[in-house]
Each structure stands twice: as C-alpha cells, then as structure tokens.
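1. Only the shape, not the letters, is given here:
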C-alpha cells in the first residue's frame, strides 16, 4: 500500500526494487584494487550489510580519506569471551585498534579500509556472529536487559529476544555470497575462531531462515518483500522496574509481565523513535504507545505483523518521514490496534499494569541466579581502548583469556562481565587496577548515566562534536553541581553531534543536540525512568556557555526542589521555560 500515491518514490525505494538481493555493485568495487570507496548508490546497499562509509573529516582540507564502520549483531549485548577475543584481534588488524559499544548493545569497528572489509566480516561470521541487517531498512539489533540472570525471567526474555531476532532477519542471499562464501582468507585465527564457535555451542544464531522462492524459483523474502521497510526498525525488551533499554524509544518494544514469579507474556509497545531533522516540523521525537498484551507464544507472530504494517503503511516518498512512529501519530493508536487485529485474526487484550522506577547501569559486583558473580564496568563514551596509562582494552583481553567471562554490552554503552567464579573476583579486580582502570568501578552518578555518539571526525552526519568533548563537558557539569551543593545528585546527560538522536538525548534530563560547529540545542525535562520526552529549552548555544547556564539552573533547583525530587522532574515543572508566543 502506498500511503502517499500522489508523490514519487524516494530514490532508495527505486534502488531497492532494482536490486532486491541488496548486492548493488559491491562485488565489483571489492574486486577493483584501485577503489578506495563505494559509489554513492552502493553506500545505501552496504548499510544492509552492516557497513557505513565514512571519511576522516579532520583531514578534508588535504583530501578525503575513506574508511568504513562495521557493526556487529549481538542480541541483548551478549558476547562470549572467545568471541570477544576474536573481535579484539580483528580491531587491531583491520580497524583503528578500538572497539566501540553502541547504545543498542553492539560493537562497532571504526577506520576499516577497503581491503580489510571482506576479511573482517568473514571472520565475524566465522566466530558465529554477523553484521547482516545491523544497518539499513530492516529490523536492527534487538536489545534486551543486559544484567545476567538473577532469576529465570531474564533467561526466558533472552530466549524470546533471540527468537524475534531470527524471525526478523532479511532473507537476502547476497550477504553470505559476498562476505561469507565469497571470501577465502587465512588470518591465522584458526584456534581463536574454533574456541568462539565452541563457546556459542550451536549454529550461528544470526543466520536468517532460508529464502522463499517464487514460481520461477527466484529467491524472495515473504516478510520484507523486494523493497524491505521504508526505514530502519528497532526492537527491544525490558523487565520492569528497570528500563535499562529505554524501551519507549523503540519502534517496537516488549515489556515483560510477571505474575506469581512467572513470565506470562509482554505488553506490546509500538511507535517510538527519536530521530528528527532541524527545521523540519514534519519530523519529531516520539515515545511508543502501549498497544496491548501478548503471550510468549505470540512474540514472533505479533512482531512480524507489526513489521508488515510498517512495510505496507510507512512513507516511501520521504525518508525523513518514514519511521513507524509517524504512522502511529498520524493514523492514531486505535487505527493501529484495528489494523494489527486484522492481521492477527483477533484483537489484543488490554495491556497489564507495569511501572518503571529507573534506568541505567549498576557498577561493581553482584550475584547471579546460579551463584556466580557479575561485574558492572564503566566504559567512557563506550570506547574500549588503550590510551596512555589507561589500558582497558588490554585488561579486558587478559580477563577474557584467563577467566572467560561472558561479555554483556549495555544500552548505556557500558560493560558487564558475567559468569565469574567467586574465587576469581580479586584477580580480575587486580588486572583492571594494574592497567590503570580504577575509574571503571566507580565513575560517579553523572558519568555512569551519560552517553555520547561518536560524531566527529568520522560520522558524515555530525554537525558538532560529541564523543571527543563529552568527558570534559561532564566534568564542568560536575563542578556546577558541586557549586550548587548537589554533588551527589544523579543526572542523566546525553549528547549527540546531530539531531538523529543515536545517544537518545530527547528523553534525558539534559540533552545536547548538535546544531552547528560548536553550537547545541539544549533539551531539558526528560526523566530518569525514560518515560517522558525532554523539551527544547534554548537553541544554538555555544558549547562553552552551556555549563554556565546549566549551573545557574542547578542553583535554582537546589533551592526550590522538593525532597527526593529529580532534576528532570523539577525542571519539567519549573518556571524556567520561555514564554509562549502571543496568539
């Protein structure tokens, strides 16, 4: 169904229809030893393969220096230690020596040159992960609570997250023919790859179901069709009372419903999404609506039905207006419920009551369901690296090799090491301290809740800095808190270099959104539970002025707040907002 039949399709829709296997001219470019980049058209196709083409914008005055970012798929952020060792090795051979934890619980390899893409992706697949559909107009990495199981509920939620992951993978045959079957390489990683495969102990959990075939025997995809979705689609799971995956910001969310200690199903959320465009009022951040209740047995059938609604009703004429949140906003929640009921054959029953009390990660030692321990670690801006005396990357490699914990990436770009024997706790702490990583145990209440996107120099969409200035920015905010007498106050602060919202600034207590070089829009008033959007407070503010302005708010907050009132809750109701224009 075309929701806007009077308007022409976007160029991306035409390209997908012409190359439904998503192959583009990728093979030809890879085979050309003179090529240092993909064509503009193929830039769109490679996204479906988990690749973004970038260039170092710090060097543009001399000339464009191209590389790519490659993103893995890690449902729920789960990475076995042996798989992590392979990633660590690959990041040094083919990327810039770092691994970046994303806000959707995946790893990104940055700075990958053209000749390294094939061996990198081949090795990721050999280690029983994948990069398929971690970008592009498809369902991307499925997020889930990152804390290891402290009860049976978390085990079952992980099972359901992997079930929907597999069901929503595209059936394209080009991915494996290009990157898996089409690459023959010996990197000397045989033993490490074998251990990674053994640690997963099953077939690749990210291998899509077999492609369908039409009457002529041509491979087809019965879920996505020839043109896939109008835009990206994000799915997540959460277990109240901790909203650690920011579930309301997802296109589709499953909120666990527990009765009498049993997981009986999920409340279905649909229609979240934070990306917007400066100056375009047709775009806006939105939190998801609660649609109804489903059983565990319905997770896949309902998920595919929701995807099909986006496929059929999403806007294919304007990519900035193509997310499912606009379908919900413009056609209404009741329309969506009726459309979903028609596709399922029956309406969903009403949602069950649920309550979130907070979000974010806990740091330090905790006990698992099976009696083993897990350790929550702070990773500044999600960047696993060695820098001077701070050698987190080396420390994690040593820990992975000696103690084999499970690595769990969090949706706040931090890291949990789980499945640790009690007898190994002291030795693991010593490894981290010996490598200059004392901060990972106790980052403080602002740093531990903060997030920033990579932005400059590699992201082509960035309008301003983010990751590179975020630590210094948080330090200034901490100074402002101390001056106001609220040094121990928790605060959710997030920064992005553009309005696309990758670090989710639009539901933070303080969100900074890049508007121009050195200038940011200040968003205020989100809450710690992740259930309320922030609002625009000031526009295009110079970076150096922001801590001063926020510092004055801290003083006012310290004077006016009620006992126990969070900053976001206070500022949402405080007399700090610009007066509305006269009618």
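-> Now that the structure is in, tell me what you want to look at. Keep in mind the model is a prediction, meaning the values are calculated, not measured.
2. Apart from its chain neighbours, what residue comes closest to residue 521?
-> Nearest residue to residue 521 in three dimensions, chain neighbours excluded: residue 513, at 4.5 Å (Cβ to Cβ, 6 or more residues apart in numbering). Every C-beta, even on glycine, is put in place using the N, C-alpha and C of the backbone.
3. Over to residue 179?
-> Leaving aside its chain neighbours, residue 179 sits nearest to residue 121 (4.3 Å; criterion: Cβ to Cβ, 6+ apart).
4. Please list all residues in contact with that neighbour.
-> 49-51, 70, 131, 179-180, 183 (Cβ atoms under 8 Å, 6 or more residues apart in numbering).
5. contacting residues for the residue nearest to residue 390 when sequence neighbours are not counted?
-> Nearest in space to residue 390, with sequence neighbours left out and distances taken as Cβ to Cβ, 6+ apart, is residue 436 at 4.6 Å. Counting by Cβ under 8 Å, 6+ apart, residue 436 touches 388-391.
6. thinking again about what came up before, what's around the residue nearest to residue 521, how many residues?
-> Neighbours of residue 513 under the rule other Cβ atoms under 10 Å: 29.
7. quick one: contacts for it?
-> Listed by Cβ under 8 Å, 6+ apart, the contact set of residue 513 reads 495-496, 498-499, 501, 505-506, 520-521, 523.
8. Could you do residue 221 as well?
-> Residues near residue 221 by Cβ under 8 Å, 6+ apart: 20, 170-172, 211-212, 228.
9. From residue 435, how far off is it?
-> To residue 435, residue 221 is 46 Å away according to Cβ to Cβ, to the nearest Å.
10. Where does residue 265 sit, in terms of helix or strand?
-> strand 262-270 (DSSP states H and E).
11. so what secondary structure elements neighbour that strand?
-> Under the contact definition 3 or more Cβ pairs under 8 Å, 6 or more residues apart in numbering; DSSP states H and E, strand 262-270 sits against helix 152-167, strand 252-259, strand 289-294, helix 299-313.
12. what residue ranges in the stretch 1-150 of the chain score low on pLDDT?
-> For the stretch 1-150 of the chain, the stretches flagged by pLDDT under 70 are 1-5, 149.
13. if we go to 80?
-> 1-6, 147-150 (pLDDT under 80).
14. hang on, the earlier thing: just the contacts of residue 436: which are in strands?
-> Among the contacts of residue 436, the ones falling in strands (DSSP state E) are 390-391.
15. Now, of the contacts of residue 436, which are buried?
-> Neighbour-count burial (16 or more other Cβ atoms under 10 Å) applied to these gives 390-391.
16. need the contacts of residue 436 in JSON lines with pLDDT and distance to residue 379, can you?
-> Formatted as JSON lines, the contacts of residue 436 follow (pLDDT from 0 to 100; distance: Cβ to Cβ, whole Å):
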{"residue": "388", "pLDDT": "96", "distance to residue 379": "16"}
{"residue": "389", "pLDDT": "97", "distance to residue 379": "17"}
{"residue": "390", "pLDDT": "96", "distance to residue 379": "11"}
{"residue": "391", "pLDDT": "98", "distance to residue 379": "13"}
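17. that older thread, and the strand or helix carrying the residue nearest to residue 521, how far out from the chain's middle?
-> Assigned by DSSP H and E, residue 513 falls within strand 510-516. Taking Cα atoms, centre = their mean, to the nearest Å, one finds strand 510-516 lying 19 Å from the centre of the chain it belongs to.
18. how about it: buried residues?
-> For strand 510-516, a neighbour-count test (16+ other Cβ under 10 Å) marks 510-515 as buried.
19. now, which of the contacts of residue 436 sits nearest residue 204?
-> Using Cβ to Cβ, residue 391 comes nearest to residue 204 of those, at 31.9 Å.
20. Which single one of the contacts of residue 436 is nearest to residue 568?
-> Scanning the contacts of residue 436 for proximity to residue 568, where the rule is Cβ to Cβ, the winner is residue 390, at 30.9 Å.
21. Now do the closest one against residue 520, distance only.
-> Going from residue 390 to residue 520 by Cβ to Cβ gives 27 Å.
22. for residue 527, same thing?
-> 21 Å.
23. can you check residue 37 too?
-> Applying Cβ to Cβ, the value for residue 37 to residue 520 is 31 Å.
24. Who has more neighbours out of those two?
-> More crowded of residue 37 and residue 520, by other Cβ under 10 Å: residue 520, with 28 against 17.
25. Good, wrapping up.
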